[in-house]
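# Let me see the structure of the following:
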Amino acid sequence: MNKTNKWVSVLAYIVFFIPILVDSNNEEYKFHTNQGLTLFLLAVAISMVGTFVPVIGWFIILPLGEIFCLVLAIMGIINAYNEKMKELPIIGKIKIIK
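All right, here's what the predicted structure looks like:
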């Protein structure tokens, strides 16, 4: 994989749909796009729950959830840059894009 392809895979964890727009037939792009989309949906779910649960949500769920999502994103970026198709912990087995 060339240097440009690495960065396209890395973008999946920042703006999840970019790799699919570049090449929808590339298996590595599909994999990282799926991981990025799943991570995005997890972040949205954590934000919704944290916002609607008073006090506990604001001071515990939101901060811990955001840190958890950030750690997963960093892991995904490192895997993408190293050209590894390694699933993220906990959410990695979820397949949205096939």
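# shaky segments in the chain?
Within the chain, the ranges that satisfy pLDDT under 70 run 1.
# centroid residue for it?
Nearest to the mean C-alpha position of the chain, counting by C-alpha atoms, centre = their mean, stands Gly36 at 2.8 Å.
# Could you pull up the residues touching that one?
By C-beta atoms under 8 Å, 6 or more residues apart in numbering, the residues touching Gly36 are Ala12, Tyr13, Ile14, Phe16, Gly76. C-beta coordinates here come from the backbone N, C-alpha and C atoms, glycine included.
# Now with 10 Å, please.
When contacts are counted by C-beta atoms under 10 Å, 6 or more residues apart in numbering, Gly36 is found next to 9-20, 73, 76-77, 80, 88, 97.
# Run through the neighbouring helices and strands of the strand or helix carrying Asn79.
Element membership for Asn79, per DSSP states H and E: helix 62-81. Applying 3 or more C-beta pairs under 10 Å, 6 or more residues apart in numbering; DSSP states H and E, we find helix 62-81 packed against helix 3-11, helix 27-52.
# what angle do the last one and helix 62-81 make?
Going by axes from the mean of the first three to the mean of the last three C-alpha atoms, to 10 degrees, helix 27-52 is angled at 170 degrees with respect to helix 62-81.
# picking that back up, how about the helix holding Asn79: buried residues?
Leu62, Gly65, Phe68, Cys69, Leu72, Ala73, Met75, Gly76, Ile77, Asn79, Ala80 (16 or more other C-beta atoms under 10 Å).
# Cool, thanks, signing off.
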